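Visitor: Compute the structure for the input listed below.
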Amino acid sequence: MISNNARDGFDYMFMQGLKGGLLASPEDNFEISVLPDLSEVKESKLVILTVSSYLFRLMVLIYFTPDQATREHFARVNKSSVEGMSERDFDDAISECGNISCGILNRELAHFFPNIGMSTPNILDKDCSSYLAILNTGHVQHLRVDINETVHFHASLCVCAYADLDFKVEISEEEANTGELELF
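Guide: Numbers count the residues shown, from 1 in each chain. Have a look, this model is predicted:
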């Protein structure tokens, strides 16, 4: 069983990870909306990463379509030109952003769970996400991410628990105002 505190903690760290990994600059406008399901997801591909311990496995999925706006955004994030970005360069750029996002989540979870590890990113067809239902997840969160009102992504967090999970992420007023995370 995953407690409500743990669900809230996973969700908060997931959102912080996305913000840390998907923005090209701190001045970017970043908005997240919680979705009830994946019905609005139209992107064609996803990058998937896992974080695992003896107590749980979680998957982070970031859905994307390799269109011009997305390519321009990831070129900007990786400080390169979109004209010089091959298909492989684009895959590497979005994989690295997924890696950074999941790495932030992994680092913060390590405060609560020993022996935690993270996978390398894999790019899959979006239809692969339909198989998540067979994993017997204990917690799933779907999000819409809007950056500068021009780039849109969807992301999912899926947590499979192998034992009872309970932890609490404490956020002081100052950190809530700056968006920083402090764990006790």
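Visitor: so how many other residues sit close to residue 12?
Guide: Residue 12 sits with 15 neighbouring residues when counted by other CB atoms under 10 Å. For glycine as for every other residue, the C-beta is placed from the backbone atoms N, C-alpha and C.
Visitor: mind checking pLDDT for it?
Guide: Residue 12 is assigned 94 on the pLDDT scale.
Visitor: what do you get for the one 3 residues further on?
Guide: Residue 15 is assigned a pLDDT of 94 by the prediction.
Visitor: Which of the helices or strands spans it?
Guide: For residue 15, the element it lies in under DSSP states H and E is helix 4-22.
Visitor: May I see the buried residues of that helix?
Guide: Buried residues in helix 4-22, counted by 16 or more other CB atoms under 10 Å: 6-7, 9-11, 13-22.
Visitor: where along this protein do the helices fall?
Guide: Under the criterion DSSP state H, the chain contains helices at 4-22, 68-77, 87-109, 173-178.
Visitor: angle of the helix holding residue 15 against helix 68-77?
Guide: 80 degrees (axes from the mean of the first three to the mean of the last three CA atoms, to 10 degrees).
Visitor: Output helix 4-22 as PDB - backbone C-alpha positions only.
Guide: Taking C-alpha atoms only, helix 4-22 is exported to PDB below (Å, rounded to 0.1, in the frame of the first residue of the first chain):
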ATOM      1  CA  ASN A   4      -1.400   9.400   0.800                       C
ATOM      2  CA  ASN A   5       1.800  11.100   2.100                       C
ATOM      3  CA  ALA A   6       3.900   8.900  -0.200                       C
ATOM      4  CA  ARG A   7       1.700   9.600  -3.200                       C
ATOM      5  CA  ASP A   8       1.900  13.300  -2.600                       C
ATOM      6  CA  GLY A   9       5.700  13.000  -2.200                       C
ATOM      7  CA  PHE A  10       6.100  11.000  -5.400                       C
ATOM      8  CA  ASP A  11       3.900  13.600  -7.200                       C
ATOM      9  CA  TYR A  12       5.800  16.600  -5.900                       C
ATOM     10  CA  MET A  13       9.200  15.200  -6.700                       C
ATOM     11  CA  PHE A  14       8.000  14.100 -10.100                       C
ATOM     12  CA  MET A  15       6.800  17.600 -10.900                       C
ATOM     13  CA  GLN A  16      10.000  19.100  -9.600                       C
ATOM     14  CA  GLY A  17      12.000  16.700 -11.800                       C
ATOM     15  CA  LEU A  18      10.000  17.700 -14.900                       C
ATOM     16  CA  LYS A  19      10.600  21.400 -14.200                       C
ATOM     17  CA  GLY A  20      14.300  20.800 -13.600                       C
ATOM     18  CA  GLY A  21      14.800  18.700 -16.800                       C
ATOM     19  CA  LEU A  22      12.500  20.200 -19.400                       C
END
